[in-house]
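Enquirer: Got a predicted structure here, sequence first:
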Amino acid sequence: MKFIHCADIHLDSPLRGLEKYEGAPVSEIRAASRKAFQNVIDLALAQNADFIIIAGDLFDGDWPDFNSGLFFISQMNRLREVGIRAFIVRGNHDAESKITRKLPFPENVHLFSHKKPETIIDDQLGIAIHGQSFSHPAVTDDLALAYPTRIKGLFNIGVLHTALTGREGHARYAPCSIDTLHSKEYGYWALGHVHQRERVDGDTYILFPGNLQGRHIKETGPKGCSLITAQDGEIERVEHLAQDVLRWETLEIDASEVANQDELVERIQSGLKEQLQYAEGRTLAVRVRLFGQSSAHAAISRRREHLQEEVRALALNCGNGDIWIEKILFETSQQVDVEALARREDPIGELIRLIRSIQGSEKDLSDLSETIQEFKRKLPLELREGKGAIDLDDPAFIRSILTDVERTLIPQLIDTSSLP
C-alpha cells in the first residue's frame, strides 16, 4: 500500500515580499502553488498511490472567485479516473466557517466533518482513517482527545491539523500532547499546520510534511510531501519528496573578506550559481545579505542602487531568468579598531567602556533586563517562545546582544575621518 501525505498547500496564495523588476519570472511565481499541487497529483499517478491525505489548509482562505475550487476539482478528477481517493481535513485557513463559496467535490474526495471525529474504513486496503476538520479558524480545543482508539485488525491513520504543544511561528491551534496521540495506538499520524517538515517522535510515525510550496523568505529550502509505503500493517518506508516549483534561499556574503566591490560582485555571482545547481531546475527567489566590516564599505554605500541593479543583472545572466532577487540587505560597516576606540576620551570610547562594564556585571545585566521588560511584553509570541526566542531574562543572551551592539553599531557611529 502506498499513500501520500501533504498539508498546508495554501492553493492560490500569493508569494510575499518579492520586488518586481524587468526580467523577473513573474508568471512562474504567480502559478507556484498550483504547479506544486499538480506535481503531487502527478506523483500520486506515477506511484500508483492508493490514496492521498491533505492535513489542512488546502486553501489559503475564502475563494475570491470559483477558480480555486474548479482547479482543485480538475486535479481530483485526474485521481478519480484511476481510482485514487483523497481524504481531507480543514485547517485554520480553510475552516468550515471561513469558506463561503462551495462546489461539489468528486465522489473520490472525502472531507472530514467539523462537528466531531469521523472514521472511514476501507476493508480492501485494510485501513481506518480518522479525522476532524476545523469548524472555525481559531480552534483552541484539543481535538485529538475525542479521536477513537485504533480499530484492531486495520492499519489506523489519524489526520489532524495541530500545533501540538506549540511550534515557533505557528499559532497554537488544536493543541495536544504526543502522549494523547500515542494513546490512540495508530500506525501513522498525518499532521498539518507546521510549515517545517518534522518527524515528531523517533519511535512512532507522527509527522509534519511541511508546506508544499514556500511562500516567503522565512520558508527556505526544499518543500514537498511524504510518500509512505506500508505492508501488512507496518510502515516500510517514508520518503520526503520535494514538489515545490519555486524555492526560497538566502545568500550571505561576508564582505570583510573582500578587498573591493568587484571582488564582492564575483562572490555574489559564484554564490548564485551554486544555489542554482542545488535547485534542480526550479526557479529561485534569493535574498542576498551583505555583512561585515569591510574596506569596500564606503564604495558599497556610495553605489548601493547601482550594486542592486548589478546583482539583478547577474541573476538574469547566470540563471537565464530562473533567479529572482527577493531583496538585498546592505549590512556592511567600515573597518575600525574597537580597542583603540575604547581608549579614547570621547562619547564613542565612553559608550564602548559602558557596554563592556555592563557585560561584566551581573547586577547591571539584571538591572538592564528589568528595564526592558516592557519591551519584552510587546514582542509577538513567536519571538518569545521556541527555538531562537528572544530571552531577555537570560544574562548570557543580553551579553550577546551587547556584543552585537558593539560590533555593528560602533562602526556606524564612526566617521572615517575621525579615526586615529
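Expert: Nice, thanks for sending it over.
Enquirer: which residues touch the residue nearest the centre of the chain?
Expert: By C-alpha atoms, centre = their mean, the chain has its centre lying nearest to Glu219, at 2.9 Å. When contacts are counted by C-beta atoms under 8 Å, 6 or more residues apart in numbering, Glu219 touches His195, Asn211, Trp248. Using the backbone N, CA and C atoms, a C-beta is placed for each residue, glycine as well.
Enquirer: ok, the second one to Ala285 distance?
Expert: Same thing as Asn211. Counting by C-beta to C-beta, to the nearest Å, the gap from Asn211 to Ala285 is 15 Å.
Enquirer: again with Glu28
Expert: 10 Å.
Enquirer: now do His182
Expert: In terms of C-beta to C-beta, His182 sits 39 Å off from Ala285.
Enquirer: so what are the domain limits for the protein?
Expert: Using automatic domain parsing, the domain parsing of the chain gives 2-242, 246-333, 338-418.
Enquirer: Now tell me which helix or strand of this structure has the poorest mean pLDDT.
Expert: Using mean pLDDT, DSSP states H and E, helix 381-384 stands out as the lowest-scoring helix or strand of the chain, at a mean of 61.
Enquirer: Assign the closest residue to Ile151 other than its chain neighbours to helix, strand or coil.
Expert: In this structure, Ile151 finds its nearest non-sequential neighbour in Ala128, 4.5 Å apart by C-beta to C-beta, 6 or more residues apart in numbering. Classification of Ala128 using DSSP: H, G, I helix; E, B strand; the rest coil returns strand.
Enquirer: gap between Ala128 and His297?
Expert: Between Ala128 and His297 the computed distance is 63 Å (C-beta to C-beta).
Enquirer: what do you get for Ile401?
Expert: Distance of Ile401 to His297, computed by C-beta to C-beta: 23 Å.
Enquirer: The two: which is more packed in?
Expert: Using other C-beta atoms under 10 Å as the criterion, Ile401 and His297 rank with His297 on top: 22 against 14.
Enquirer: Now the more buried one: phi and psi?
Expert: phi -60, psi -40 (degrees, to the nearest 10).
Enquirer: ok, now which ones touch it?
Expert: Shown in contact with His297 (C-beta under 8 Å, 6+ apart): Ala255, Thr332, Ser333, Gln334, Gln335.
Enquirer: what's the neighbour count on the last one?
Expert: Under the neighbour criterion other C-beta under 10 Å, Gln335 is assigned a count of 16.
Enquirer: Just to be sure, it is in a helix?
Expert: No. With three-state DSSP as the criterion, Gln335 is coil rather than part of a helix.
Enquirer: Could you measure from the closest residue to it other than its chain neighbours over to Ile348?
Expert: Once flanking residues are discounted, Gln335 sits nearest to Gln293: 4.6 Å by C-beta to C-beta, 6+ apart. Relative to Ile348, Gln293 is positioned 15 Å away (C-beta to C-beta).
Enquirer: Helices along the stretch 101-250 of the chain, start to end?
Expert: Secondary structure of the stretch 101-250 of the chain (DSSP state H, counting those that start in this stretch): helices located at 178-183.
Enquirer: quick one: which of the contacts of His297 is most hemmed in?
Expert: Counting by other C-beta under 10 Å, top hit in the contacts of His297: Thr332 with 26 neighbours.
Enquirer: What's opposite that one in the beta bridge?
Expert: Taking DSSP bridges as the rule, Thr332 bridges to Gly292.
Enquirer: so what's it up against?
Expert: Thr332 neighbours (C-beta under 8 Å, 6+ apart): Ala255, Leu290, Phe291, Gly292, Gln293, Ser294, Ala296, His297, Ile300, Ser301.
Enquirer: and it, what pLDDT?
Expert: Among the per-residue scores, Thr332 holds a pLDDT of 87.
Enquirer: and the gap between it and Leu307?
Expert: Taking C-beta to C-beta, one finds Thr332 at 11 Å from Leu307.
Enquirer: list residues touching both of these two?
Expert: Going by C-beta under 8 Å, 6+ apart, residues that sit against Thr332 and also against Leu307 are Ile300.
Enquirer: now, among the contacts of His297, which is nearest to Glu374?
Expert: The closest of the contacts of His297 to Glu374 turns out to be Ser333 (C-beta to C-beta; 29.5 Å).
Enquirer: Ile29 versus the closest one, what's the distance?
Expert: Ser333 sits 33 Å away from Ile29, going by C-beta to C-beta.
Enquirer: same check, this time on Leu43
Expert: 22 Å.
Enquirer: The residue of the chain positioned farthest from its centre: which element?
Expert: Distance from the C-alpha centroid of the chain, by C-alpha atoms, centre = their mean, peaks at Glu345 (47.7 Å). Under DSSP states H and E, no helix or strand contains Glu345.
Enquirer: backbone phi and psi for it, please?
Expert: According to degrees, to the nearest 10, Glu345 has phi -100, psi 70.
Enquirer: per-residue pLDDT, the nearest residue to Ile127 once chain neighbours are set aside?
Expert: Ranked by C-beta to C-beta, 6+ apart and with sequence neighbours excluded, the top spatial neighbour of Ile127 is Phe155, at 4.9 Å. Model confidence at Phe155, expressed as pLDDT, equals 97.
Enquirer: again, but for Gly126
Expert: As predicted, Gly126 sits at a pLDDT of 96.
Enquirer: Go ahead and confirm it touches Asn156.
Expert: No. Using C-beta atoms under 8 Å, Gly126 is not in contact with Asn156; the gap is 10.2 Å.
Enquirer: the more surrounded of the two?
Expert: The neighbour count for Gly126 versus Asn156, taken as other C-beta under 10 Å, is higher for Asn156 (24 against 14).
Enquirer: Now do that one against Lys184, distance only.
Expert: Asn156 is 7 Å from Lys184, where distance means C-beta to C-beta.
Enquirer: same thing with Arg101?
Expert: 34 Å.
Enquirer: Same check on Leu103?
Expert: Leu103 sits 33 Å away from Lys184, going by C-beta to C-beta.
Enquirer: which one of these two has more residues nearby?
Expert: More neighbours surround Lys184 than the other of Leu103 and Lys184, with 16 against 11 (other C-beta under 10 Å).
Enquirer: where are the low-confidence patches of the stretch 251-400 of the chain?
Expert: 380-389 (pLDDT under 70).
Enquirer: tell me, what's touching Asn156 and Lys184 both at once?
Expert: His130, Arg150.
Enquirer: For Ile328, give me its contacts.
Expert: Counting by C-beta under 8 Å, 6+ apart, Ile328 touches Arg287, Val288, Arg289, Leu290, Leu307, Gln308, Val311.
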